[in-house]
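> Everything below, folded, please.
(2 chains)
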Amino acid sequence: MTAPLHDTTAEAAPTAPADPAETGATKVEGRSLKQIAWNRLKQDKVALAGGAFVLFLTLVAVFAPLIVGLLGHPPNQFNQDKLDPLTNLPQGAWGGVSSDFLFGVEPNKGRDVFSRIVYGARISLLVAFLAAVVAVALGTLFGIIAGYFGGWIDALISRTMDVLLSFPQLLFIISLVSVLPDDLLGLTGSGVRIAVLVLVIGFFGWPYVGRIVRGQTLSLREREYVEAARSLGGGRRHILFRELLPNLVAPILVYATLMIPTNILTEAALSFLGAGVRPPTASWGGMLRDALETYEHDPMFMVFPGATIFVTVLAFNLFGDGLRDALDPKGTR
Amino acid sequence: MSENAEDKELSIPAQADGAEPGATEGAASSVTGGETAGATLTKDAAPGEILLKVTGLQKHFPIRKGLLQRQTGAVRAVDGIDFEVRAGETLGVVGESGCGKSTMGRLITRLLEPTAGKVEFEGKDITHLGVGGMRPLRRDVQMIFQDPYSSLNPRHTIGTIVGAPFRLQKVTPEGGIKKEVQRLLSVVGLNPEHYNRYPHEFSGGQRQRIGIARALALNPKLVVADEPVSALDVSIQAQVVNLLDDLQQELGLTYVIIAHDLSVVRHVSDRIAVMYLGKIVELADREALYKAPMHPYTKALMSAVPIPDPKRRSAKSERILLRGDVPSPISPPSGCRFHTRCWKATEICRTTEPPLLELKPGQRVACHHPENFEDQAPQDTVLLSAAKDAGELVPDAVLAESAETSEALAAEVAEQTEVAEMSEQAEAAEVGAEAERVEKSDSGDK
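Residues are numbered from 1 along each chain as shown, chains lettered A, B, ... in the order given. All right, here's what the predicted structure looks like:
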């Protein structure tokens, strides 16, 4: 990590704050902290690879119908002719992998595994991302309020966070899903389930963000620039959202990127347990559960969704780690 | 700064409230050219008039303990101080760490809520104004902060930081905020082109200039500077101090400068307040204070200033060392708070708190046995034992000088010299006896 730093300083040389008159004559262009962080991130090849995969997966999810139209078959099409009529297992080696069916076919039903993984990416990323948004929004708001105001407000919010953190999240969601009706607030089928997953995962996730934001706010509120803002007549809202929030962006961003893979895993676990999206809709966790029935005879059906989850989570984590190093060079390492 | 003052008008940011038409008119007529701007004050308070008046100001920070957060005590950071600041002057505030200087600064800028007492700005009571009530006054009272590394938000550009006063006060200066910010940057000696840079791209001295530009943006009447140079390199300190001086000349500012560096305070101040444990012990004109300090604490503080010339070092009285630490502001000593460390303390110092009295014109002091002046409590002729201990660390020359104004100390000094003489004689006698004995035993052996 030392070599990249040297490179950035070499680049910084022409804009370094030297003699004001001198730099005024040449080029006066400030480098924002964003640019510095980006320069640092560019040196971290592992993080970039992770980021590239995340980007790739996002594009895959967005253009799923297009990709499936080109390279696969509709995700809910039963291709019984690809199955062995006796065992209902895919014909051919590796679970039926061929140029036609890139990841093979499902046992019993004969659906295209590749298409289902591509469509599953939509559900996984959508739920994970929206849940992270909910968690970050709630966590930032409550964390910054608890940290800045302190006193009984802090005590109330902190205790609430403690309660939520000690709550059996998985059990709660399973029981909640089992009692919820199929139609809710104009949403039907998968829509209800997705909304419930997003809200519940997000709701149980905000205390983690809240704690980090609260801790950061506690140290930031003692900075003199907060006092300076007050001495200029700045109100609470100005101090919270104009002075403090920009300084909290880095930890929030890092935590959000590290939260998305956790959410992907939670969503997969819930789908695996049957509390996720409903069966015809493709999801990675649901595929794993389906594979459980036949994995002794057709392990490839479990390998593909399993590997997808693994690689996705790894990519997000590597990217998040790299982002943290880039945004906070003073951190460990 | 002169190069800016010559060709640029020192225009005053438009006063939106219109409550002071006289001020704006005065400003418009007086700001043409650097030379005249220095001579004419743009303020409505004439120089010498009282701008800020503080009476009996107190700030106690409660100490809470236990489950119910009951108050078990209080840190008496500022414990009843009175002073006033006159328009156009610079009041220096000095004292040890923890004596309440910074708290005092934050009280008069109303960043803290006073526990008791009164703060009046231009005759208006601002002691308990809320955030909204203070907002218009924020234009007139500004603050420069100690730490240039923490007083600028690292996520904001210089343009945003220096322009923040205009946005928060909803004032649009002539020619737009950007132009005004760039003018301010050039006033404090920075390149206006650095508008879009971030604080981390500047050195400590440059950052402090940015902080000064921000404080001056709304053209305040009173600027409170809390240790403005203590975080800076010594070579940069002079630059910033001189900048503050120049700006005062040009803009007719009034300063309250809080510092622990006596040479800085001496350089910039017209009057100096010396604080000890939340109280002002002496408040005097600079010359009077440095020439003839009246409070023993002031004298001790002055003696701590290093003399740069080694030849003169011996000529001047030596350093006065104070015994022990500053007592805790949670339970300050009774009577005079300095009595636990003072070499002149008598019984009255322990029992009665000395009031801050104007003993000489322009020199107020709170002491029963002041230096360089007649004893205020000559009836007390017995030193406290703590004072005798404290006296051991005080150079003899100082003691002798102090003895002139204190009966008790004079008696003590006389006694000590007597004792010293007597013990000398006794020693001599002893040595003689010893010699005799040795002689005797020698002869006995034979």
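> Below-threshold pLDDT in the stretch 151-300 of chain A: ranges please.
A:181-189 (pLDDT under 70).
> repeat that for 80
A:177-178, A:180-192, A:276-280, A:295-300 (pLDDT under 80).
> With chain B instead?
For chain B, residues meeting the criterion pLDDT under 80 lie at B:1-48, B:66-70, B:131, B:304-321, B:323-325, B:372, B:374-383, B:386-446.
> those strands in it, which residues are they?
Per DSSP state E, chain B carries strands over the ranges B:50-65, B:70-86, B:90-94, B:116-121, B:124-125, B:141-144, B:222-226, B:254-258, B:271-276, B:279-285, B:357-360, B:363-365.
> The longest one: which residues count as buried?
If I follow you right, that is strand B:70-86. B:74-86 (16 or more other Cβ atoms under 10 Å in any protein chain shown). Any C-beta I mention is one placed from the backbone N, CA and C, and that applies to glycine too.
> that older thread, just put the strands of chain B in JSON lines and tack on distance to chain A.
Converted to JSON lines, those look like this (distance: least, Cβ to the nearest Cβ, whole Å):
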{"stretch": "strand B:50-65", "distance to chain A": "11"}
{"stretch": "strand B:70-86", "distance to chain A": "14"}
{"stretch": "strand B:90-94", "distance to chain A": "17"}
{"stretch": "strand B:116-121", "distance to chain A": "14"}
{"stretch": "strand B:124-125", "distance to chain A": "16"}
{"stretch": "strand B:141-144", "distance to chain A": "5"}
{"stretch": "strand B:222-226", "distance to chain A": "9"}
{"stretch": "strand B:254-258", "distance to chain A": "13"}
{"stretch": "strand B:271-276", "distance to chain A": "20"}
{"stretch": "strand B:279-285", "distance to chain A": "23"}
{"stretch": "strand B:357-360", "distance to chain A": "32"}
{"stretch": "strand B:363-365", "distance to chain A": "29"}
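> TSV for those strands, including distance to residue A:216?
Output for these, formatted as TSV (distance: least, Cβ to Cβ, whole Å):
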stretch	distance to residue A:216
strand B:50-65	25
strand B:70-86	27
strand B:90-94	34
strand B:116-121	34
strand B:124-125	38
strand B:141-144	25
strand B:222-226	25
strand B:254-258	29
strand B:271-276	35
strand B:279-285	38
strand B:357-360	50
strand B:363-365	46
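> These: which one's closest to residue A:44?
strand B:141-144 (40.3 Å; Cβ to Cβ).
> And the closest one, how far out from the chain middle?
16 Å (Cα atoms, centre = their mean, to the nearest Å).
> for it, packing partners?
helix A:224-231, helix B:204-216, strand B:222-226 (3 or more Cβ pairs under 8 Å, 6 or more residues apart in numbering or on different chains; DSSP states H and E).
> and residue B:393, how many residues sit next to it?
14 (other Cβ atoms under 10 Å in any protein chain shown).
> and what of residue A:262?
19.
> can you check residue A:300 too?
19.
> For it, give its distance to chain B.
Taking Cβ to the nearest Cβ, to the nearest Å as the measure, residue A:300 falls 50 Å from chain B.
> Bridged to the nearest residue to residue B:144 once chain neighbours are set aside, which residues?
Nearest residue to residue B:144, sequence neighbours excluded (Cβ to Cβ, 6 or more residues apart in numbering or on different chains): residue B:225, at 4.0 Å. In this entry, residue B:225 is beta-bridged to residue B:144, residue B:257, by DSSP bridges.
> give the contact list for residue B:225.
B:143-144, B:244, B:255-258 (Cβ atoms under 8 Å, 6 or more residues apart in numbering or on different chains).
> rewinding a little: would you mind saying which of the strands of chain B lies nearest residue B:103?
Among these, the nearest to residue B:103 by Cβ to Cβ is strand B:70-86 (4.2 Å).
> what helices or strands is the closest one leaning on?
Packing contacts for strand B:70-86, counted by 3+ Cβ pairs under 8 Å, 6+ apart, involve strand B:50-65, helix B:101-108, strand B:116-121, strand B:254-258, strand B:279-285.
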